Structures are given as structure tokens and as C-alpha cells.
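*Asks:* Okay, predicted coordinates and the sequence, questions at the end:
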Amino acid sequence: MAVTKRIRIYTEEDVADHKSANSCWITCRGKVYDVTKFVPDHPGGDDLILEHAGTDVERIMKDEGSHDHSDSAYDMLEEYVIGRLGTESTVVRDDWEASDDFHPEDTNSAEDFEKTQFLDLRTPLLQQMWQANFSKSYYLKQVHQPRHLQESARLFAYDIFEVCTRTVWYAVPLIWLPITANLFLRSMLQFNGPIPTFLSDPLLPLSLTSTVTLDVFAKTLPCFFLGNFIWTILEYGMHRFLFHIDEFLPDHYAFMTLHFLLHGIHHYMPMDRLRLVMPPVMFGILQAPFTRLAYILFPTPVANGIISGSFAFYVLYDCMHYALHHTKLPAYLKHMKKYHLAHHYKNFELGFGVTSKIWDYVFKTVLPV
């Protein structure tokens, strides 16, 4: 289904950024105007327009004490229209608190789109993002206001692509725990001496487990624990500085689409059961530069031990992330559930820790709940 190109949508913050003679925007009756070229020709002088640059001028244009503008003035203004102000859908708020049985109300897709003109949940979302008619500011405001559906919203029109965007939680341990165990065994065996590469003999460690000694286990275990620690840094760092790269995100549809695919859709639909853990292909891509760096910095036995520890904690992280959104939990995890849901519904600029708050304390991004 083709997406009709709509008039570009801006926020009040977008308009406020254009308040000089070189770039002068105003709003009136919900529309956004770039009157930069008109400023020198304004009959009342450029000072009057620049005084109200970056703001709404509807009241001042109707002010008889200043100058009540004629219909022709409004007609002339239409020549400079560049978009309209978006209408916000507000869910995130500072006083939000999670209940133990938190279940958000379903979004009325038709009403939501009619109100915000952001994304139509009834049609594939990726094409709409690629043909985005909204500014970055409006995108970031909308994507951080959660919506909820009984079933997953479609990203792609074709099933063959759509299935790759949906992942059941248990796929993570089924795929990555065997790889983790293989790397751990390889690390122990490599402390004894060189062995064939994974590609040449992937099942070799299983046939040599009888040769593993307590001495090599004692060498691999600290590497594994170091990998656990490194993962906690990566978890916080990637969540805060990659997934929430909002401030540095270019105002371009391609970058907004990439942001949406990487993490935006999770904030847009945080209770979607099939998009709470990383698709295996995505994690495979994200882990590649880090594992490569480990092999550059450390001897192979040490690197494999560290990577296995990081992968083990990644599995813990993704499974815990799913549980925080959808499972009744014991005391500590129940607290972390409230903490993480507050990241979605209270303040998405704080509370980046998922498995623990340790790095939020270190970097002063703790979210009060």
C-alpha cells in the first residue's frame, strides 16, 4: 500500500530555533511559515517580525492595537507555508508509577493517527518511516510516547521480511548459549595448546572435554568473569550512547529510520512480546566489532574466555529484559521491572541499566522510582 506524502510536521522547538533575520520562522493557526524572504519587505518593518520570530503570531496579527491584518495578508502568508505543528500524544509523564500488574490500554490506531499524523499502526511502519514527513524533533517526541496493540505492528508488507523482525524470547538462549559454551571450552583447551579453528572443526571441544584439567579451568574462569563485567559496561554504554543517540541524530529520514529499527520501535511499542529481545542477525552484527577487538587485544584463549562471559551475560540481559516487561518476578527483579518500565513511561533520558543500576550510579543517570 503506497503512503501518501503529507505536509511536513514540526514542533514548537523546531520553530523556536529559527528566530533570526537569516532564518525566520513563525506559526499561525497551527501552520508553520518560513518568512525569511519576506522580512525585508514587511510593511510594518522587519523589527516587528523579528520581535516575534520563532513564536506564534496569531494573537498579534489580530491585535487591533498593533495592526489587525486583512484577509489578503493571510493569503500572502500562505505563500510561505512549509508545514504544520504536530499534535502530541502524551503518555510519558513525570508522576508515572508502575503497578505490580501493569497492563497498558490498547491504542486506537485510527484515532491515534488522526490526532498525531505520525505513524499509522494499521499499515507497515518501515515504508512510512522511510517517507517521513516529520522533523527529528517531532519524531523523537512521538516515538517516546508508547503505543500498545494486541498483536505486533507490521514493519514490512512482505511476510518473508516481517518474520525476521520478530523473535521469541527463548530463541536467545537456544542460539547463543551453545556458542557461549563452545567458546568457554575452546578457551580451556587453548590454554593447553593450539587447536583447529571453529570453522574447520566446530564440534572439536566436545570430543576433547576429557582432557580439560582444573588448572586450565582456573585460567579460563577469571576471563569469563571479566567478560561478565565488560558486558555490564557494554549494556549501559550501548543503551545510552547508541540506542539513545537522540541529540546527535541527523534530521534526515534515513537516519530516523535506522534509529527506529535499532531501538525506536521498542520505545514506540514497549510491550510487544516479539520485539523485546534482539533478532539473532542484529546481535550478530553488533557483537562482531567487539569480538574482533577482543582477539586483537588478547591472546586467543583469553579472548575466547572473555567473549564467552560477555555472551553469557548478554543472554541473561535479553531474557531478563523480556521478563521485566511481561513476567511476575521476585523482589529484586520486581524492583528492576519498575525501574525499567519507568525508563519507558516516566523519563527515557535516565535509567539505562537493565540488569542492574550500577553504571547509572557511576554516571549519575539513576531514575527515581
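*Replies:* The structure has been received and is ready for your questions.
*Asks:* tell me the contacts of the residue nearest the centre of the chain?
*Replies:* Residue closest to the average C-alpha location in the chain (CA atoms, centre = their mean): residue 263, at 2.7 Å. The contact partners of residue 263, taken as CB atoms under 8 Å, 6 or more residues apart in numbering, are 242-244. The C-beta positions use only the backbone N, C-alpha and C, and glycine is treated the same way.
*Asks:* Generate a ChimeraX selection restricted to the buried subset of the residues you listed.
*Replies:* Only the buried entries of the contacts of residue 263 go into this ChimeraX selection, using 16 or more other CB atoms under 10 Å:
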select :243,244
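*Asks:* between the contacts of residue 263, which is closest to residue 18?
*Replies:* Among the contacts of residue 263, residue 244 lies closest to residue 18 (CB to CB), at 25.9 Å.
*Asks:* Quick one: residues contacting the closest one.
*Replies:* Taking CB under 8 Å, 6+ apart, one finds 263, 348-349, 352 in contact with residue 244.
*Asks:* Just the element for residue 82, please.
*Replies:* Using DSSP states H and E, residue 82 falls within strand 81-85.
*Asks:* swap in residue 227?
*Replies:* helix 214-238.
*Asks:* Which residues outside that helix are in contact with it?
*Replies:* So helix 214-238 is contacted by 184, 187-189, 191-192, 286, 290, 301-302, 304-314, 317, 352-356, 358-360, 363 (CB under 8 Å, 6+ apart).
*Asks:* ok, now how distant is residue 44 from residue 60?
*Replies:* Using CB to CB, to the nearest Å, residue 44 is found at 11 Å from residue 60.
*Asks:* Which one's more surrounded, the two?
*Replies:* residue 60 (18 against 10; other CB atoms under 10 Å).
*Asks:* Need the pLDDT of the more buried one.
*Replies:* With respect to pLDDT, residue 60 scores 80.
*Asks:* For it, give me phi and psi.
*Replies:* Per-residue torsions, residue 60: phi -70, psi -30 (degrees, to the nearest 10).
*Asks:* what about residue 135, how many neighbours?
*Replies:* Counted with other CB under 10 Å, residue 135 comes out at 21.
*Asks:* before we move on, what about residue 356?
*Replies:* Residue 356 has 16 nearby residues by other CB under 10 Å.
*Asks:* again, but for residue 146
*Replies:* Residue 146: 20 neighbours (other CB under 10 Å).
*Asks:* Can you tell me which of the contacts of residue 244 are buried?
*Replies:* By 16+ other CB under 10 Å, the contacts of residue 244 give 263, 348, 352 as buried.
*Asks:* can I assume the last one is in contact with residue 339?
*Replies:* No. With contact taken as CB atoms under 8 Å, residue 352 and residue 339 are classed as non-touching, separated by 10.4 Å.
*Asks:* quick one on the thing from earlier: which of the contacts of residue 263 lies closest to residue 9?
*Replies:* Once CB to CB is applied, the member of the contacts of residue 263 that ends up nearest residue 9 is residue 244, at 22.1 Å.
*Asks:* Against residue 318, how distant is the closest one?
*Replies:* 18 Å.
*Asks:* Paired strands for the strand holding residue 82, with orientation please.
*Replies:* strand 9-10 (parallel), strand 31-34 (antiparallel) (DSSP bridges).
*Asks:* Could you work out the most separated pair of the contacts of residue 244?
*Replies:* Maximum pairwise distance in these, criterion CB to CB, is 13.6 Å, between 263 and 349.
*Asks:* Please report how far residue 189 lies from residue 312.
*Replies:* On the measure of CB to CB, residue 189 and residue 312 end up 18 Å apart.
*Asks:* Please apply the same query to residue 188.
*Replies:* Residue 188 is 15 Å from residue 312, by CB to CB.
*Asks:* which one of the two has more residues nearby?
*Replies:* Between residue 188 and residue 312, counted using other CB under 10 Å, residue 188 has the larger neighbour count: 26 against 20.
*Asks:* That one - that's part of a helix, no?
*Replies:* Yes. Assessed with DSSP: H, G, I helix; E, B strand; the rest coil, residue 188 lies in a helix.
*Asks:* Which pLDDT value goes with it?
*Replies:* On the pLDDT scale, residue 188 gets 92.
*Asks:* isn't it right up against residue 212?
*Replies:* Yes. Contact criterion CB under 8 Å: residue 188 and residue 212 qualify, at 5.1 Å.
*Asks:* Please identify the helix or strand for the closest residue in space to residue 139 that isn't next to it in sequence.
*Replies:* By the measure of CB to CB, 6 or more residues apart in numbering, the closest residue to residue 139 outside its immediate chain neighbours is residue 256, 5.2 Å from it. Following DSSP H and E, one finds residue 256 within helix 253-259.
*Asks:* hmm, who's touching that helix?
*Replies:* 126, 129-132, 136, 139, 245-246, 249, 264.
*Asks:* can you pull the buried residues of it?
*Replies:* Neighbour-count burial for helix 253-259 [16+ other CB under 10 Å]: 253, 256-259.
*Asks:* thinking again about what came up before, pLDDT value on the residue nearest to residue 139, please?
*Replies:* 96.
*Asks:* How about residue 93?
*Replies:* For residue 93, pLDDT reads 64.
*Asks:* Output the lowest mean pLDDT helix or strand found in this protein.
*Replies:* Using mean pLDDT, DSSP states H and E, the weakest-scoring helix or strand in the chain turns out to be helix 204-207, at a mean of 71.
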